[in-house]
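Participant: Okay, here's the prediction I keep looking at, along with the sequence it came from:
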Amino acid sequence: MSANKNAEGREFTDEELQDLVASTDTGGRAPTNRTVALLISVLAFAWSLFQLWIAQPQLWFAEYLPVMNSSQTRPVHLSFALILAFLAYPALKSSPRDRIPVLDWVMGLAAAGCAFYIFAFSRELSDTARSGLPTQTQIIVGVIGIVLLLEASRRALGPALTVVGSIFLLYAYMGTGWLIPEIISHSGLSLTSIVNAQWLDTSGVFGIPLGVSTAFVFLFVLFGALLDKAGAGNYFIQLAFAGLGALRGGPAKAAVVGSAMTGLISGSSIANVVTTGTFTIPLMKRVGFSSEKAGAVEVASSVNGQIMPPVMGAAAFLMVEFVGISYVEVIKHAFIPAVISYIALVYIVHLEALKNDMPALGKAANLGRMFLKIAIGFVVTGTAFTALVYGVQGLQAAAPSISGPVILIAILAAYVACVKLAASKDDLELDDPNARTFHLPTVGQVFPTGLHYLLPILVLVWFLMIEMQSPAKSAFYAVAVMLVIILTQRPLKALFRSQDMVAAFRAGVGDLTQGMIDGARNMIGIGVATAAAGIIVATVTKTPIGTELAGLVELLAGGNLFIMLVLVAVFSLILGMGLPTTANYIVVSSLMASVVVTLGAQEGLIVPLIAAHLFVFYFGIMADVTPPVGLASFAAAAVSGGDPIRTGFTAFFYSMRTAALPFLFIYNPTLILYGVDLGTFPGILHAVFVFCVATVAMLLFAAATQGYFLARSHKWESAALLLVAFTLFVPGFWLDRIQPRFIEQPAIQLAQAFDEAAPGDSVRFVVSGPSFADGTPRQLTVLHHIAETDPAQGRAEAAGLILLPEGDQMFLDEPMFNTPFQEKLSSFDFYADDRVEVISLLSPNHRMPKQIFYIPALLLLGLVVMLQRRRQTKPAF
């Protein structure tokens, strides 16, 4: 691609685009001194080796290596991240990029030394600092470490996280001030206490976020880097174009699907934009998309790669720790919103193509027929995978002693067969998208060339979903398979093609080495971000802001859940404009996720904690799109030559479906399959039904926002489509207006309700009393699930409730310590003059099925279809 000026903006050269990605993701410094460049590469390679070592110490060579616990691995992980941050990222835009100044060497070594100090002196720290008696040397090391961590964060991620972290440190130290609301003010912590909590203890910088980065995230990032280096990224793009390129607006549809597939292995929206955009954006412009719309499609699809399981950037692994559910559960909850979001984006670009009568690349194909083929492909793949599961389980049951070697031999045989098939075809090469003629590949040409790339993904899914192993162990085996592939695919192809195997083996070693280095350099920003975000997490736990923020947000929102959700969304967008998604998610979820749940309970709406976390995560991702700082939009504009601000606004408009989804699954958690048991056949049918209805609703939402369905829509038709989409998404909204969800029973029956409930049922009741924060009256709807292990009688007392019945009233005393209700009722003041009281017991009302409202919605949809069919001039698909 050549650099050129046009009326809209400037297209960047390939070198400038790679520099843009490097400056954001891996560090923009490229020393000309070969020794220095080699040192950076060796450090990155060593970091990858270290992470592979600690990921699976149970292998045959484990007895010769020491085993490290999490309090030891986290400091080493951060040491690598810090020294590489100072060596790879220049201090300022004006700083030299071809050499490393002496000050950067000093700061890098000092930062890594302060982190490594926690590893080297872990026993001494446990006897002193972590017992509340830090030494002066430890405090000095901690102060230097915190300052240098914030500087590394500024270099690698921009100033936002550094500023936010500094503000939280100042708040922890000062406690009061004219900028600090009284509700979250406190007496202030000493410098010693802050440094001890933030650097020397295991709850601050070296807390859960850095632990997730160390244990899980690095392996998945390394897996993605190796897969991309092996050629899987190019394969996914080519496959998307082969399948969708012949449709109207085909390059845009291929960009969406290609970015979704690369998003499976990439945690960076900017790298996604540049990798796929350099090929897709020129082709989108060729069929009629403007520079801004072409860039916006690429931005919307690339950014959404982070919501696509199984990787989801780093958020999926953080949710495991923060929410306390398994990794498989996180994937289950995230799957439907991610998939329907991408389906809707494909439909949006299809509507754009229809509105502007865009041609196809080559002979036009039918979108409906294409969706049918994809559906058949999913069914065939699902059937084959199910057969594989039963076959392997049958082998393990029949011959457990030989099942392992047999399975390994089968995998190797499948791999060799796939590579032999790929060797019989020409290697994939991207055509020049700016060439006068463009040759669209076919699925038959592309699909066989990369089947071996699916093997490590299959191994990852197998260990996660079937073997139910930990994410770290699953990722380790997937990376191990990937290491074999990247090292051997070139020699095997050379063997089958009768070419020079020695040269091919050397190229494979080079790919392996570069993939290990790329994986580590891609982790620099994430490692620093998770460590710096630990400062916020520790401040939240050590100061009143963690417990009293709910009252402050409730005050701002006037006690209204919807207004509070809007405030949280805006807060996430603003904070995310300068923060990477991972850091934004850590900060906002630490502050706001429990507030969403609490305020929902006050309105009688039980919001699952995972829904609140996904809500925060979605809006953190949207910040990569939103002007004026949307980094992905600027990257797309650099490729397209369009205006970055207009690109950002267009991308935000395309992403409205992503912005709407979090509100919908807060009010209807079934959309994230909450409460749906996928282990039973009825549960699977329920999930399929939810998916189909949600897909239709999202397509109608997309049509309404685009102003085009079967023909250009009148305003009232768009409003009608929005109403239909809303009804399909949240049918219970209308049912609640006609029939109440619950019937109020006398509170005096609460203990009886606990004892009569069957295991698996829930008891719901409303508590009223003075707020612990300011003494004002407040109400809270409490939901308690009855477990199989609960006693047959006295369940309320066993759960921690101390009931004080007086006449027809039921008062409460402070719940027993370390019981479920201690945390649930912690916002009430049990020692105030006004007593805490159960004011009603809520039993489910027997209502008509909420799906009854699908009927008027579908009738309204039929009316819109009938009216638009009269104006329709071209096929809808």
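Facilitator: Okay, I see it.
Participant: And the host helix or strand of Leu783, what does it pack against?
Facilitator: Secondary structure from DSSP states H and E places Leu783 in strand 777-785. Helices and strands touching strand 777-785, by 3 or more CB pairs under 8 Å, 6 or more residues apart in numbering; DSSP states H and E, are helix 594-602, strand 762-770, helix 820-824. C-beta coordinates here come from the backbone N, C-alpha and C atoms, glycine included.
Participant: make it 6 Å
Facilitator: With contacts defined as 3 or more CB pairs under 6 Å, 6 or more residues apart in numbering; DSSP states H and E, strand 777-785 has these neighbours: helix 594-602, strand 762-770.
Participant: To what extent is Ala857 buried, counted in neighbours?
Facilitator: The local packing count at Ala857 equals 20, with neighbours defined by other CB atoms under 10 Å.
Participant: got it, and Ala417?
Facilitator: Taking other CB under 10 Å as the definition, Ala417 ends up with a neighbour count of 12.
Participant: For my notes, confirm it occurs in a strand.
Facilitator: No. When the secondary structure is assigned by DSSP: H, G, I helix; E, B strand; the rest coil, Ala417 falls in helix instead of a strand.
Participant: The strand holding Leu783 vs strand 762-770, what angle?
Facilitator: Using axes from the mean of the first three to the mean of the last three CA atoms, to 10 degrees, the direction of strand 777-785 lies 160 degrees away from that of strand 762-770.
Participant: Can you list the buried residues in strand 777-785?
Facilitator: Neighbour counts over strand 777-785 (16 or more other CB atoms under 10 Å) mark 778, 780-782, 784 as buried.
Participant: With distance to Val217 and pLDDT added, can I get those residues in JSON lines?
Facilitator: Converted to JSON lines, those look like this (distance: CB to CB, whole Å; pLDDT from 0 to 100):
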{"residue": "Arg778", "distance to Val217": "39", "pLDDT": "82"}
{"residue": "Leu780", "distance to Val217": "36", "pLDDT": "82"}
{"residue": "Thr781", "distance to Val217": "36", "pLDDT": "83"}
{"residue": "Val782", "distance to Val217": "36", "pLDDT": "85"}
{"residue": "His784", "distance to Val217": "35", "pLDDT": "85"}
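Participant: Show me which of these is closest to Ala702.
Facilitator: Comparing those against Ala702 with CB to CB places Thr781 closest, at 34.6 Å.
Participant: Verify the stated contact: the closest one with Leu599.
Facilitator: No. Under the contact definition of CB atoms under 6 Å, Thr781 does not touch Leu599, with a separation of 10.9 Å.
Participant: still on that earlier bit, export the helices and strands packed on strand 777-785 to JSON lines and tack on distance to Glu329 and mean pLDDT?
Facilitator: Rendered in JSON lines, the data for these read as follows (distance: least, CB to CB, whole Å; pLDDT from 0 to 100):
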{"stretch": "helix 594-602", "distance to Glu329": "17", "mean pLDDT": "75"}
{"stretch": "strand 762-770", "distance to Glu329": "19", "mean pLDDT": "89"}
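Participant: Turn those into JSON lines, including distance to Leu863 and mean neighbour count.
Facilitator: Supplementary listing: the helices and strands packed on strand 777-785 in JSON lines, determined by distance: least, CB to CB, whole Å; neighbours: other CB atoms under 10 Å:
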{"stretch": "helix 594-602", "distance to Leu863": "35", "mean neighbour count": "21"}
{"stretch": "strand 762-770", "distance to Leu863": "39", "mean neighbour count": "20"}
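Participant: among these, which is nearest Ser713?
Facilitator: Between Ser713 and those, the tightest spacing by CB to CB is seen for helix 594-602, at 34.0 Å.
Participant: residues near Val553, how many?
Facilitator: Residue crowding around Val553 was assessed by other CB under 10 Å; the count is 20.
Participant: Please, which helix or strand holds it?
Facilitator: helix 545-557.
Participant: Tell me the first helix or strand C-terminal of that helix.
Facilitator: For helix 545-557, the succeeding helix or strand toward the C-terminus, using DSSP H and E, is helix 561-576.
Participant: tell me which strands and helices the helix or strand following that following helix is in contact with?
Facilitator: The helix or strand immediately downstream of helix 561-576 is helix 581-588, counting by DSSP H and E. Helices and strands in packing contact with helix 581-588 are listed as helix 524-542, helix 561-576, helix 609-622; criterion 3+ CB pairs under 6 Å, 6+ apart.
Participant: Going along the chain, name the strands of this protein.
Facilitator: With DSSP state E applied, the chain shows strands at 4-5, 10-11, 742-745, 762-770, 777-785, 802-806, 809-813, 837-844, listed in chain order.
Participant: Can you dump the C-alpha atoms of the fourth one in CSV for me?
Facilitator: Listed next in CSV are the C-alpha coordinates belonging to strand 762-770 (Å, rounded to 0.1, in the frame of the first residue of the first chain):
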residue,chain,number,x,y,z
SER,A,762,-35.7,-20.0,46.3
VAL,A,763,-37.2,-17.9,49.1
ARG,A,764,-37.7,-14.2,48.3
PHE,A,765,-38.5,-11.5,50.9
VAL,A,766,-38.2,-7.8,51.4
VAL,A,767,-36.2,-6.2,54.2
SER,A,768,-36.7,-2.6,55.4
GLY,A,769,-34.5,-0.7,57.8
PRO,A,770,-32.0,2.1,58.4
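Participant: residues making contact with that strand?
Facilitator: The contact list for strand 762-770 (CB atoms under 6 Å, 6 or more residues apart in numbering) reads 750, 753-754, 757, 779-785, 828-829, 832, 834, 836-842.
Participant: Pull the distance from that strand to the chain's centre.
Facilitator: Strand 762-770 has its C-alpha centroid displaced from the chain centroid by 34 Å (CA atoms, centre = their mean, to the nearest Å).
Participant: Provide the strand pairings for it, with the direction of each partner.
Facilitator: Taking DSSP bridges as the criterion, strand 762-770 pairs within the sheet with strand 777-785 (antiparallel), strand 837-844 (antiparallel).
Participant: looking at the ones you listed, which is closest to Val257?
Facilitator: Distances from Val257 to each of these were compared using CB to CB; the shortest belongs to strand 777-785, at 40.2 Å.
Participant: Restrict the closest one to CA atoms and write it as CSV.
Facilitator: Written as CSV, here are the backbone C-alpha positions of strand 777-785 (Å, rounded to 0.1, in the frame of the first residue of the first chain):
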residue,chain,number,x,y,z
PRO,A,777,-34.7,4.2,55.4
ARG,A,778,-34.0,1.7,52.6
GLN,A,779,-35.5,-1.5,51.3
LEU,A,780,-33.8,-4.6,49.9
THR,A,781,-35.2,-7.6,48.1
VAL,A,782,-33.3,-10.7,49.3
LEU,A,783,-33.2,-14.0,47.4
HIS,A,784,-32.0,-17.2,49.1
HIS,A,785,-31.6,-20.5,47.3
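Participant: Now do that strand against helix 594-602, angle only.
Facilitator: With the same axes, to 10 degrees as the criterion, the two stretches strand 777-785 and helix 594-602 enclose an angle of 90 degrees.
Participant: Take the buried residues of strand 777-785 and lay them out in JSON lines including distance to Ile666.
Facilitator: What follows is the buried residues of strand 777-785, written out as JSON lines (distance: CB to CB, whole Å):
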{"residue": "Arg778", "distance to Ile666": "21"}
{"residue": "Leu780", "distance to Ile666": "18"}
{"residue": "Thr781", "distance to Ile666": "15"}
{"residue": "Val782", "distance to Ile666": "19"}
{"residue": "His784", "distance to Ile666": "21"}
